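Participant: sharing a model prediction with you, sequence too.
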Amino acid sequence: MDTESPMDHNGLWEWGGALNRIAALRSMAIRSPDLCRRTKLGHWAWWPWLLLICAALLPPALGKAQQAGVAYLLELKGAVGPATADYITRSLDKARDRGAQLVILQIDTPGGLDTSMRTIIRDILASPVPVVSYVAPSGARAASAGTYIVYASPVAAMAPGTNLGAATPVRIGGGGFPSPGGDDKEKQKDAKDDKPAAKKKPGIEDKIMNDAVAYIRGLAQMRKRNADWAEKAVTEAASLPAEEALKENVIDIVADNISDLLVQLNGRKVEVLGETRELKTTGMVVEAIKPDWRTELLAIITNPNIAYVLMLIGIYGLLLEFYNPGVLIPGVTGAISLLLALYAFQVLPVNYAGLALIILGIALMTAEVFAPSFGMLGLGGTAAFVFGSIMLLDMDVPGYGISWTLIGSLALVSAGFFLFVMSMLMRARHRPVVTGKEEMIGSTGHVIDWNGRSGHVRVHGEIWSAKSNKSLDPGRAVEVRAIDGLTLVVQPEAKGR
């Protein structure tokens with residue numbers, strides 16, 4: 001059953017008001033028949049009344065112009081994550097508050113996190129504004145999480161040359177999901193033994209797979225789309241191009257561009273919050289909603305490569321602060337960077353074994369500084385650091401892998417930093433002592449006075465009691481060989497020094 005929009009009631013009200021104003025003007029003219037005779041313009045004196053009539057008819061025309069409304073264009077580009085979900089949630093709220101007639105969600109994504117995907121779908125299902133998912137431009141895709149979002153939308157559209165599907169969930173931390181037919185080797189073994197296959201207890205992989213299948217089938221049944229193919233997209237990672245998706249009743253429209261999409265949407269009936277609405281898109285204005293600074297900042301922080309760099313800055317900053325307490329700048333920078341990295345890893349698919357290996361690598365490299373082992377701890381720490389970096393973010397999750405170039409570059413930088421610190425420490429150990437009692441050993445001075453085997457010498461501008469097994473003349477250059485209490489043990493300085 002079709003429902004009337006508020007604009008229809010407003011239009012009737014404006015037309016009724018215009019007719020009432022015209023009737024009032026006519027009655028004024030009838031009651032003042034001599035109005036025209038008192039003017040020099042004769043019958044042309046009616047022109048003010050004509051202007052008033054046009055003004056009375058103007059509001060309904062404006063109402064018709066405004067009735068087309070505004071369509072908000074959102075972009076879901078790249079991996080689906082917390083920043084993307086936040087951007088779409090805020091944009092849908094803005095579209096509702098501003099009275100938009102339509103929201104077009106342009107999709108080009110390889111997939112992403114399940115939690116963020118479900119947040120987007122919940123917002124689409126709860127939106128009072130119809131949402132059209134449009135996989136575009138040509139060459140784009142709605143893989144994995146994008147397929148679920150397309151199925152959840154009241155209208156699903158694709159541009160030529162696009163595809164969707166491959167919606168099999170990927171478990172964080174490696175490992176795979178069982179095939180829907182089970183293990184072929186086990187089946188063949190049971191067939192040879194002529195014994196019925198033992199009933200396998202469902203594991204966590206089976207539960208996740210069954211949950212994903214039920215979820216996408218529920219969305220397909222709600223939107224009256226092909227639920228069987230939706231299940232294949234999950235269990236068999238099936239994919240379809242735009243034209244075949246239209247034939248299989250996976251999508252509703254194939255449109256070349258936004259203008260073509262609006263033309264095909266005009267007059268289409270969609271179900272929103274349990275009500276059937278007819279879309280009126282003729283003359284509709286499309287307004288793009290760009291991500292705000294907050295969304296862009298979250299997207300930067302939760303980028304796997306940026307999060308990885310922030311973690312290293314945080315660790316090295318704290319290490320430098322511990323080596324040189326009181327510098328403050330490395331400590332403050334490291335603490336802020338580490339907190340930002342921990343926030344990013346909280347919303348990223350982190351492999352905690354990889355994170356533990358990185359921490360172990362840093363600990364081993366630090367231990368090499370305090371307990372030298374001829375480089376064994378340092379090399380082991382570097383190896384653990386590299387392997388942990390490779391494992392840190394699950395490479396099987398689309399859009400959430402760390403660049404190999406970045407891993408190699410930072411591994412070399414870390415190894416170089418470690419070697420630099422070690423070389424500086426070795427130099428420091430062989431450097432002569434410059435403070436304390438030990439610094440006097442090897443210092444030179446001159447004899448002030450001498451009597452037998454003792455006397456006084458001037459070293460570093462100070463007069464010391466001294467003794468020697470040789471008789472020394474005043475003014476003779478001497479070298480400190482030892483310290484006996486407050487008495488220096490000196491010997492004549494060797495020639496040539």
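Facilitator: Yes, it's here. Predicted, not measured: the structure shown is a model, and the values here were computed from it.
Participant: my read is that residue 145 contacts residue 118, right?
Facilitator: No. Counting by Cβ atoms under 8 Å, residue 145 does not reach residue 118; the two are 9.0 Å apart. Every C-beta, even on glycine, is put in place using the N, C-alpha and C of the backbone.
Participant: quick check: which ranges of the stretch 101-250 of the chain have low pLDDT?
Facilitator: 171-203 (pLDDT under 70).
Participant: which strands border the strand or helix carrying residue 483, and is each parallel or antiparallel?
Facilitator: Using DSSP states H and E, residue 483 sits in strand 477-484. For strand 477-484, the paired strands and their directions (DSSP bridges) read strand 444-451 (antiparallel), strand 487-492 (antiparallel).
Participant: residues of that strand that come out buried?
Facilitator: By 16 or more other Cβ atoms under 10 Å, the buried positions in strand 477-484 come out as 477, 478, 479, 480.
Participant: so what touches that strand?
Facilitator: When contacts are defined by Cβ atoms under 8 Å, 6 or more residues apart in numbering, strand 477-484 is touched by residues 437, 440-447, 457, 459, 466-468, 472, 488-494, 497.
Participant: again, only using 7 Å
Facilitator: Under the contact criterion Cβ atoms under 7 Å, 6 or more residues apart in numbering, strand 477-484 has outside partners 437, 440-447, 457, 459, 472, 488-493.
Participant: that strand - what's its average pLDDT?
Facilitator: Here strand 477-484 scores 87 as its mean pLDDT.
Participant: stretch 323-338 now?
Facilitator: Per-residue scores along stretch 323-338 average to 77.
Participant: do the same with stretch 457-466
Facilitator: 88.
Participant: what count of nearby residues applies to the nearest residue to residue 98 once chain neighbours are set aside?
Facilitator: In space, and not counting its chain neighbours, residue 98 is closest to residue 70: 7.6 Å by Cβ to Cβ, 6 or more residues apart in numbering. Residue 70 has 16 neighbours, counted by other Cβ atoms under 10 Å.
Participant: equivalent analysis for the one 5 residues further on, please.
Facilitator: Counted with other Cβ under 10 Å, residues neighbouring residue 75 total 19.
Participant: just the element for the nearest residue to it once chain neighbours are set aside, please.
Facilitator: Nearest non-adjacent residue to residue 75, counting by Cβ to Cβ, 6+ apart: residue 106, 5.2 Å away. Using DSSP H and E, residue 106 maps to strand 102-108.
Participant: buried residues in the helix or strand that comes right after that strand?
Facilitator: With elements assigned by DSSP H and E, the helix or strand that comes after strand 102-108 is helix 114-126. When burial is assessed from 16+ other Cβ under 10 Å, helix 114-126 yields the following buried residues: 114, 116, 117, 118, 119, 120, 121, 123, 124.
Participant: kindly report the same for stretch 219-234.
Facilitator: Within stretch 219-234, the residues scored as buried using 16+ other Cβ under 10 Å are 219, 220, 223, 225, 226, 227, 229, 230, 231, 232, 233, 234.
Participant: and stretch 283-295, by the same measure?
Facilitator: Residues of stretch 283-295 classed as buried under the neighbour-count rule (16+ other Cβ under 10 Å) are 284, 289, 291, 295.
Participant: now, these that are in strands?
Facilitator: With strands taken from DSSP state E, there is no overlap with the buried residues of stretch 283-295.
Participant: which of the residues you listed sits closest to residue 320?
Facilitator: residue 295 (33.2 Å; Cβ to Cβ).
Participant: tell me which residues touch the closest one, please.
Facilitator: 83, 86, 87.
Participant: ok, of those, which one's closest to residue 367?
Facilitator: Using Cβ to Cβ, the contacts of residue 295 come closest to residue 367 at residue 83, 37.9 Å.
Participant: return the backbone torsion pair for the closest one.
Facilitator: Backbone geometry at residue 83, expressed as degrees, to the nearest 10, gives phi -70, psi -40.
Participant: repeat for residue 155
Facilitator: Note on residue 155: backbone dihedrals following degrees, to the nearest 10 are phi -130, psi 130.
Participant: same deal with the one 5 residues further on?
Facilitator: Backbone torsions of residue 160, given as degrees, to the nearest 10, read phi -60, psi 140.
Participant: next up, the contacts around it.
Facilitator: Contacts of residue 160 by Cβ under 7 Å, 6+ apart are 138, 242, 254, 256.
Participant: what are the buried residues along stretch 303-318?
Facilitator: Across stretch 303-318, burial judged by 16+ other Cβ under 10 Å covers 303-304, 306-318.
Participant: repeat for stretch 205-222
Facilitator: Going by neighbour count (16+ other Cβ under 10 Å), the buried part of stretch 205-222 is 209, 212, 213, 215, 216, 217, 219, 220.
Participant: from residue 231, how far out is the second one?
Facilitator: So that's residue 212. Residue 212 is 9 Å from residue 231, where distance means Cβ to Cβ, to the nearest Å.
Participant: do the same with the fourth one
Facilitator: Look at residue 215 and residue 231: by Cβ to Cβ, they are 11 Å apart.
Participant: tell me the contacts of residue 288?
Facilitator: residue 73.
Participant: C-alpha coordinates for the helix or strand containing residue 297, PDB please?
Facilitator: Using DSSP H and E, residue 297 maps to helix 293-301. Output of helix 293-301 as PDB, limited to C-alpha atoms (Å, rounded to 0.1, in the frame of the first residue of the first chain):
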ATOM      1  CA  TRP A 293      38.900  15.500   9.900                       C
ATOM      2  CA  ARG A 294      38.000  13.100  12.700                       C
ATOM      3  CA  THR A 295      37.300  10.300  10.300                       C
ATOM      4  CA  GLU A 296      40.400  11.000   8.300                       C
ATOM      5  CA  LEU A 297      42.500  11.000  11.500                       C
ATOM      6  CA  LEU A 298      41.100   7.700  12.700                       C
ATOM      7  CA  ALA A 299      41.800   6.200   9.200                       C
ATOM      8  CA  ILE A 300      45.400   7.400   9.400                       C
ATOM      9  CA  ILE A 301      46.000   6.000  12.900                       C
END
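Participant: what's the closest of the buried residues of stretch 283-295 to residue 379?
Facilitator: residue 295 (42.7 Å).
Participant: just say helix, strand or coil for residue 315.
Facilitator: Put simply, residue 315 is helix when judged by DSSP: H, G, I helix; E, B strand; the rest coil.
Participant: wait, it sits on residue 363?
Facilitator: No. Counting by Cβ atoms under 7 Å, residue 315 stays clear of residue 363, with 10.0 Å between them.
Participant: kind regards, and thank you for your time.
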